[in-house]
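Chemist: The following block contains a protein sequence and its predicted model.
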Amino acid sequence: MHRLRNRLIPACLASLVCAAAIAQASTLSASDVWIRVTPGNDVAAAYLTLHNGGTQPLVVTAVSSPRLAMAMIHETRLVNGQSTMRAHEELSIAPGETLRLAPGGLHVMLHQTSRPLAIGEVVPLTLQLKGGGSLTVTARVRALGAGG
């Protein structure tokens with residue numbers, strides 16, 4: 001009986017952690033997900049609107065895609081009249097709040113595509129959440145200058 005209990009307790013704890021991660025991810029939703037391709041097509045930017053429909057804060061810690069070597073959360077700011085871009089570690093979304101990633105502000109930089117992105121193509125992006133869980137969304141590629 002002792003051996004069975006030693007096996008069941010870790011399995012039950014792992015199940016609880018998985019259930020919490022699934023519940024956390026199910027409270028995050030995304031809309032208006034798109035990618036603006038740039039000339040040369042080796043770097044692009046993704047934009048989306050995130051909504052936390054839950055009762056706990058959610059934190060997006062990373063973004064990935066099978067189509068990209070690297071995706072990083074970035075922020076564009078105007079400093080002393082000059083546009084600057086820097087890495088932004090995490091995206092925090094309070095309960096009931098909406099966070100918009102848009103041109104000229106927060107966005108996801110996409111680097112080293114496995115093949116050139118084509119206008120109209122859809123690209124999967126996976127948002128990793130602090131504490132486990134993830135949300136995979138589909139972004140449609142738009143031309144440079146296409147509005148969002």
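Modeler: Received it, and whenever you're ready, just let me know what you need.

Chemist: Enumerate every residue touching the residue nearest in space to the middle of the chain.
Modeler: When Cα atoms, centre = their mean is applied to the chain, the residue found nearest the centroid is residue 127 (3.3 Å). By Cβ atoms under 8 Å, 6 or more residues apart in numbering, residue 127 lies in contact with 28, 30, 50, 60, 62-63, 134-137. In this view, the C-beta of every residue, glycine as well, is placed from N, C-alpha and C.

Chemist: between those, which is nearest residue 122?
Modeler: Lowest distance from residue 122 to the contacts of residue 127 (Cβ to Cβ) belongs to residue 137, with 10.0 Å.

Chemist: which of the residues in the strand or helix carrying the closest one are buried?
Modeler: Following DSSP states H and E, the helix or strand that holds residue 137 is strand 134-142. Residues of strand 134-142 classed as buried: 134-135, 137, 139, 141-142 (neighbour count, 16 or more other Cβ atoms under 10 Å).

Chemist: Quick one: those as JSON lines, columns for pLDDT too.
Modeler: Listed next are those as JSON lines, based on pLDDT from 0 to 100:
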{"residue": "134", "pLDDT": "96"}
{"residue": "135", "pLDDT": "97"}
{"residue": "137", "pLDDT": "97"}
{"residue": "139", "pLDDT": "96"}
{"residue": "141", "pLDDT": "93"}
{"residue": "142", "pLDDT": "91"}
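
Chemist: Relative to the strand holding residue 137, what are the paired strands and their orientations?
Modeler: Strand 134-142 has its sheet partners listed here by DSSP bridges as strand 28-37 (parallel), strand 122-129 (antiparallel).

Chemist: quick one: which of the ones you listed is nearest residue 85?
Modeler: strand 28-37 (14.1 Å).
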